[in-house]
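K.L.:
how does the following fold in three dimensions:
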Amino acid sequence: MQDGELPAGDLIQGRGMSGAAISRHLKVLREAGLVQQRVHGTQRMYSIQPDGLRAIAEWTISKRQFWENSLDRLGDLIERENSWPT
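P.N.:
Next up is the predicted model:
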């Protein structure tokens, strides 16, 4: 086993999801370029794709200011509404 790889069976244990559900999620993650699958005998080995996760992190960071400003405006609006006389 290579560093950072896990067989699909190990990903199921303790997750409270069926093997079929985990399989569907892994397929979505594979198609999105977030995990890689390698066949090793009868096992499917999964590992993280750092480039895919890096792209998500960069996109999230690029949107941070937008969301901070939006949430600040929402907080101000809620505060004003709560201070209105009823």
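
K.L.:
which elements pack onto the helix or strand of the chain with the lowest mean pLDDT?
P.N.:
In the chain, the helix or strand scored least confidently by mean pLDDT, DSSP states H and E is helix 8-12, which has a mean of 80. With contacts defined as 3 or more CB pairs under 8 Å, 6 or more residues apart in numbering; DSSP states H and E, helix 8-12 has these neighbours: helix 19-31, strand 43-48. All C-beta atoms are positioned from the backbone trio N, CA, C, and that covers glycine.

K.L.:
pLDDT on the shortest one, on average?
P.N.:
By that I understand strand 43-48. Mean pLDDT, computed over strand 43-48, is 92.

K.L.:
distance between that strand and the chain's centre?
P.N.:
Chain-centre distance of strand 43-48: 17 Å, with CA atoms, centre = their mean, to the nearest Å.

K.L.:
now do the domain split for the chain, please.
P.N.:
6-48, 50-86 (automatic domain parsing).

K.L.:
got phi/psi on residue 55?
P.N.:
Main-chain torsions, residue 55, degrees, to the nearest 10: phi -60, psi -40.

K.L.:
next, the buried residues of the helix or strand where residue 69 lies.
P.N.:
For residue 69, the host element (DSSP states H and E) is helix 50-83. For helix 50-83, the neighbour count (16 or more other CB atoms under 10 Å) marks residue 52 as buried.

K.L.:
helix 19-31 and that one, what's the angle between them?
P.N.:
Between helix 50-83 and helix 19-31, the angle comes out at 100 degrees (axes from the mean of the first three to the mean of the last three CA atoms, to 10 degrees).

K.L.:
one step back: out of the helices and strands packed on helix 8-12, which is closest to residue 54?
P.N.:
strand 43-48 (10.5 Å; CB to CB).

K.L.:
where does this structure dip in pLDDT?
P.N.:
In the predicted model, the chain carries pLDDT under 70 at residues 1-3, 86.
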